[in-house]
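In: Following is a predicted model, sequence given first.
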Amino acid sequence: MDHVIASAGLRLTYLRDPSSIAKLDAQKILDDLCEPETHYALCAWFARVSLVGFDHVVLATDRETGRHVAMLAANDGDIPSGPYLDLRAALVVDAMRATKLIHRLIAYTISRISCLGPMPRVIATQTSIPACYSLLSLFAEMIPGASVFPEPGVAAIDIRRAGLARQIAKHCVPHLEYEVATGTIKGARLTNPTCFARSIGVESPVYAMFDHNLGSGDQIMVVIDMRGCDEEVINTETRSMIRSRWKFPFLTMPHTSSAAEAKVGRKPTLTA
C-alpha cells in the first residue's frame, strides 16, 4: 500500500508494494540527489542496490519543481525480541542538511507501518559516521521514554539494551564479531556501504566514542529502543515531527543561493 501527503512545500511518498517501488525512476532520484561532493558515492551506491530490494521506500519531493530532495530506504528485521526496522539509507540534498527532514522521513515511515500492522518499536542501523549516530540519538530524544545504544561516556552499559543490540548484530552480520561493551561490529564496513554522512553540530563525546572504539573497517550498531514507550505517545510525537517545519527556509531551486549555502555549509548529508 502506498501513501502520499503534502506539507511545507514538500510531497512525502511512502511505498512498500514491490510493484510500485519498481516503477520508481531510480535514475531521476539519483540525478536529483547527486551534488558535486556526493556524485561518486551516490552513483556507486545506486549501482550496487535495487530499490525493489527494500521493504520500505520514502521520498520527499519539492512540490514546485518535482525534484527529489530526500530518500529513505529500510527493511523489516526480526529477532527473538521481536521485529525491528533496519534503516539502510537516508539521503538528503545539501540545502536541506540542517533541517529536520530526515527525522520527518523516519517518523513518516513509522506512522505508515503502524497503519498497516504493528508499530516498529526498535530502529537499528550500522554506521562508522558520528553524524549518523547523532541524528538517530536526537530522534530518540524526541520520543519520551526512548533510548539509544550505545551511549557515549557512560560508566556501565545497560544490559537490556546491549542484549537487544547484540541480537540485531547477530541477525544482520552473523559472520562478524560483535563487541557488546562498545556496540562495535568488527570489520563491518563493507557489509553496509550506505554510510556517507557529513554534518555539523556533532558533540565531542560522540566523536570520542567513535574514535576510541572503531578501528579501520569497523562500524557501530546504533539501536533506538522504544519498547517501553506508550504507543499513543509515539503516535503523537511522530505526527508532530511529520508536521514540523524546517530549521531553514525550504529552497525550491536546484542550486541554493550563496547566502543559504553559507548557512547550511557545502558538505553533503548522506546517512544510513
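Out: Ah, there it is. Bear in mind the structure is a predicted one, so any value in this text is a computation, not a measurement. Numbers count the residues shown, from 1 in each chain.
In: Where does pLDDT dip in the protein?
Out: Within the chain, the set of residues satisfying pLDDT under 70 comprises 1-8, 189-202, 245-272.
In: Strands along that one, start to end?
Out: Listed in chain order, the strands of the chain (DSSP state E) span 3-7, 10-15, 56-62, 68-79, 82-92, 122-127, 147-149, 178-179, 184-185, 219-225, 269-271.
In: by contact count, what packs against the longest one?
Out: If I follow you right, that is strand 68-79. helix 26-33, strand 56-62, strand 82-92, helix 101-116, helix 159-172 (3 or more CB pairs under 8 Å, 6 or more residues apart in numbering; DSSP states H and E). Yep, even glycine has a C-beta here, placed from its N, CA and C like the rest.
In: Not counting its own residues, what contacts the last one?
Out: Outside helix 159-172, the residues within contact range by CB atoms under 8 Å, 6 or more residues apart in numbering are 77-81, 84, 86, 122, 124, 126, 147, 149-150, 176, 178, 180-181, 183, 185, 191, 221, 223, 225.
In: same question, the longest one
Out: Outside helix 101-116, the residues that touch it by CB under 8 Å, 6+ apart are 1, 3, 5, 10, 12, 14, 16, 56, 58, 60, 69-72, 74, 85, 87, 90, 92, 119-120, 123, 135, 138-139, 142, 234-235, 237-239, 241-242, 244, 246, 269, 271.
In: count of residues packed around the residue lying closest to residue 143 once chain neighbours are set aside?
Out: Nearest non-adjacent residue to residue 143, counting by CB to CB, 6 or more residues apart in numbering: residue 237, 5.2 Å away. Neighbourhood size, residue 237 [other CB atoms under 10 Å]: 19.
In: In contact with residue 237, which residues are there?
Out: 107, 142-144.
In: Which of those are buried, as a PyMOL select command?
Out: A single PyMOL command selects the buried members of these (16 or more other CB atoms under 10 Å):
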select buried, resi 107+142+143
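In: Take the contacts of residue 237 and keep only those in helices.
Out: residue 107 (DSSP state H).
In: Quick one: the contacts of residue 237 as a markdown table, columns for distance to residue 43 too.
Out: A markdown table is the format used below for the contacts of residue 237 (distance: CB to CB, whole Å):
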| residue | distance to residue 43 |
| --- | --- |
| 107 | 29 |
| 142 | 33 |
| 143 | 35 |
| 144 | 41 |
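In: From the contacts of residue 237, pick the one nearest residue 208.
Out: residue 142 (23.7 Å; CB to CB).
In: so what's the closest one closest to, chain neighbours aside?
Out: In space, residue 142 is closest to residue 237, 5.7 Å off (CB to CB, 6+ apart).
In: give me the beta-bridge partners of residue 76?
Out: Beta bridges link residue 76 to residue 85, judged by DSSP bridges.
In: Just give me the neighbour total for it.
Out: Residue 76 has 15 neighbours, counted by other CB under 10 Å.
In: Correct me if wrong: it contacts residue 88.
Out: No: contact criterion CB atoms under 8 Å: residue 76 and residue 88 do not qualify, at 11.0 Å.
In: Might you report the residue contacts of residue 69?
Out: Applying CB under 8 Å, 6+ apart, the residues contacting residue 69 are 10, 32-33, 60-62, 92-93, 95-96, 101.
In: Export those residues to TSV and append columns for neighbour count and distance to residue 24.
Out: Formatted as TSV, those follow (neighbours: other CB atoms under 10 Å; distance: CB to CB, whole Å):
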residue	neighbour count	distance to residue 24
10	22	17
32	22	12
33	22	13
60	24	14
61	21	11
62	20	16
92	22	17
93	24	17
95	24	22
96	23	20
101	25	19
